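Asks: Got a sequence here, can you model it:
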Amino acid sequence: MSFQNHSHRFAFTLVELLVAMVIAGILGSMVAIALQGAQRQAQDTRAQAMIDRLNISMLRLYEEESFARVNLPAGYASIQTRSLADLMWKRDWLRCAFPNSRQDISQGPARIPYPLAPMGSGVWSYLDDGGRSTAGLSTLPVAVPGITSGTTTSSKRAGQLLRLRQRIARTIGAAQGVTVSTYAQLVDGNAANGEWTTENQSSECLYLILSTNTLNGVPATDALRTRDVGDTDEDGMPEVLDSWGVPVGFMRWPCGFLLTDEWGVFNEDPASTVTRAQWDWVNARKVALGRDTLDVLNVDPRYTDNATLPPLVNGRAEDPFPLIPMIISAGNDGDFDLFGLDDDGTGLPLISYATATNGWPSSSPSSTTPAGFPGAVTFVDPYLDGSQISSKLGARGDANGDGDDESADNIYPSLSF
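Replies: Purely as a prediction, here's the structure:
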């Protein structure tokens, strides 16, 4: 009998299985990376489209309200006085109409005086407050739902702020299941009465603006889809979310963003003096941006020849320049690293656009009040004069304090200045 040696194999060897598993793993990783990259690209594309759409809507609303004017009394005022009063009122109206923080809504209208008799007579009216009352509007009543002070009944700005406060009270009250009687209860730190937190407040203000305005006869919120709205901090105020589900950032007057060319340039020691080269860059930037379009006659008292000034402490920028609202996404990492936007709810930098003291910018060529105005005027200041550039709204830098610049993946509007 003869035997034939047949070699039949009905299974893979261990080595072959390991090789096949490695190859499958490599192919799977390549597919996963490709899919992840495609998903990231899709999110970037969707976020860019959303940011552009929102910015166009906001610019249309802002431009429309920029034409708003107050009725100035006739006589006894120079063209400069009338123009400056109108400019100050218009700036404050835009602050009231397009708030980007709790501070904007909590602070009452600025006092803007106007002479009703020849200079030196002491007869004044405060614009938009219903007559010659000497009472300031900074103590705007907080009662919901109505105006309770006779000095504010005819104020357009006070009425706008009160409408926003009423809307916030109704929204938070319904969401948190509490009865809110005053706006003050929402910002007093007592959660038992319902509380509007500072976390994500710029995005919440953006939703508030869109929900109280119309475009082409329809609510501005029609530009948002269901997935674009949420409440990530669970305070009852809706936020506008990007494609990663992160609240977007809204800046009405992003002066800091326009005056920082790269991260860290103006993060100088507060006691130091900015170099001449840095100051010259800021001046060149302002020249490139042009003049403030709200100030047609250039009556802002800060216009001066900066070449005659020494390098200013903390990089203070004087001359006005155009400012328009900006809505941005923090991108994939969820961090803006822009001053005033990164906030975890523990303490957003307090930015007030109404300065007290003598009422005029601290670094203006003269601290005296322009002709026709009393010294106690509140100067509405979109440029946050007197603050170092790194502390102006939107300044690029390590805003979240982690030592890294994480602004590179931010998604900005395609339409730039």
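
Asks: hey, let's count contacts and neighbours off CA atoms from now on
Replies: Noted.

Asks: Which pLDDT value goes with the residue most central in space within the chain?
Replies: Residue closest to the average C-alpha location in the chain (CA atoms, centre = their mean): Met251, at 2.0 Å. For Met251, the pLDDT comes out at 95.

Asks: Quick check, it in contact with Leu323.
Replies: No - between Met251 and Leu323 no contact is recorded; they are 10.0 Å apart, counting by CA atoms under 8 Å.

Asks: List the buried residues of the helix or strand hosting Thr171.
Replies: For Thr171, the host element (DSSP states H and E) is helix 156-176. Residues 156-173, 176 are the ones in helix 156-176 that count as buried (16 or more other CA atoms under 10 Å).

Asks: Could the C-alpha coordinates of the following helix or strand past it be exported in CSV?
Replies: Next helix or strand after helix 156-176 toward the C-terminus (DSSP H and E): helix 201-211. C-alpha atoms of helix 201-211 as CSV (Å, rounded to 0.1, in the frame of the first residue of the first chain):
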residue,chain,number,x,y,z
GLN,A,201,-24.6,86.3,28.0
SER,A,202,-23.4,87.7,24.6
SER,A,203,-25.0,84.8,22.8
GLU,A,204,-28.2,85.2,24.9
CYS,A,205,-28.3,88.9,24.1
LEU,A,206,-28.0,88.0,20.4
TYR,A,207,-31.0,85.8,20.6
LEU,A,208,-32.8,88.5,22.5
ILE,A,209,-32.1,91.0,19.8
LEU,A,210,-33.2,88.6,17.0
SER,A,211,-36.4,87.6,18.8
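
Asks: The chain should start at 807 in everything you say after this.
Replies: Sounds good: first residue 807 from here, last item helix 1007-1017.

Asks: Helix 1007-1017 to helix 962-982, inter-axis angle?
Replies: Counting by axes from the mean of the first three to the mean of the last three CA atoms, to 10 degrees, helix 1007-1017 lies at 110 degrees to helix 962-982.

Asks: Follow the chain on from helix 1007-1017 and name the next helix or strand.
Replies: Next in sequence after helix 1007-1017, counting helices and strands by DSSP H and E, comes strand 1020-1021.

Asks: what comes into contact with that next one?
Replies: Applying CA atoms under 8 Å, 6 or more residues apart in numbering, the contact partners of strand 1020-1021 are 863, 867, 1026.

Asks: how distant is that strand from the center of its chain?
Replies: On the basis of CA atoms, centre = their mean, to the nearest Å, strand 1020-1021 is displaced by 20 Å from the centre of the chain it belongs to.

Asks: Contacts for the helix or strand following that strand next, please.
Replies: Following strand 1020-1021 in sequence order, the next helix or strand is strand 1024-1025 (DSSP H and E). With contacts defined as CA under 8 Å, 6+ apart, strand 1024-1025 is touched by 1016-1019.

Asks: Which secondary structure element of this structure has the lowest mean pLDDT?
Replies: strand 1160-1161 (a mean of 62; mean pLDDT, DSSP states H and E).

Asks: What separation is there between Glu1001 and Leu824?
Replies: Going from Glu1001 to Leu824 by CA to CA, to the nearest Å gives 59 Å.

Asks: next one: Gly1042
Replies: Taking CA to CA as the measure, Gly1042 falls 55 Å from Leu824.

Asks: Show me which of those two is the more surrounded one.
Replies: Taking other CA atoms under 10 Å, Gly1042 and Leu824 do not tie; Gly1042 has more neighbours (24 against 12).

Asks: Correct me if wrong: that one contacts Gln982.
Replies: Yes - contact criterion CA under 8 Å: Gly1042 and Gln982 qualify, at 6.1 Å.

Asks: and Gly1051, what pLDDT?
Replies: Turning to Gly1051, the model gives it a pLDDT of 92.

Asks: Where does the prediction get shaky in the stretch 957-1106 of the chain?
Replies: 957-960, 987, 1067-1082, 1085 (pLDDT under 70).

Asks: cutoff 50 now
Replies: By pLDDT under 50, the weakly predicted segments of the stretch 957-1106 of the chain are 957-959, 1070-1077.

Asks: Okay, helices next: where are they in this protein?
Replies: 820-872, 885-903, 908-912, 962-982, 1007-1017, 1061-1064, 1082-1095 (DSSP state H).

Asks: Can you tell me how far the nearest residue to Leu865 once chain neighbours are set aside is from Asp1148?
Replies: For Leu865, ignoring the flanking residues on the chain, the nearest one in space by CA to CA, 6 or more residues apart in numbering is Pro1131 at 6.8 Å. Noted for Pro1131: a distance of 18 Å to Asp1148, by CA to CA.

Asks: Leu824 too?
Replies: 48 Å.

Asks: wouldn't Leu922 be in contact with Ser931 here?
Replies: Yes - using CA under 8 Å, Leu922 makes contact with Ser931 at a distance of 6.4 Å.

Asks: sorry, back to before: I'd like to know which of the helices of the chain is closest to Asp1215.
Replies: helix 820-872 (9.4 Å; CA to CA).

Asks: How far off centre is stretch 996-1007?
Replies: Between the centre of stretch 996-1007 and the centre of its chain there are 19 Å (CA atoms, centre = their mean).

Asks: Quick one: end-to-end distance for it.
Replies: First-to-last distance for stretch 996-1007 - CA to CA - comes to 17 Å.

Asks: for stretch 1020-1040, same thing?
Replies: Stretch 1020-1040 stretches 26 Å from its first residue to its last (CA to CA).

Asks: Show me which residues of that stretch are buried.
Replies: Buried positions in stretch 1020-1040, judged by neighbour count with 16+ other CA under 10 Å: 1026-1027, 1030, 1034-1039.
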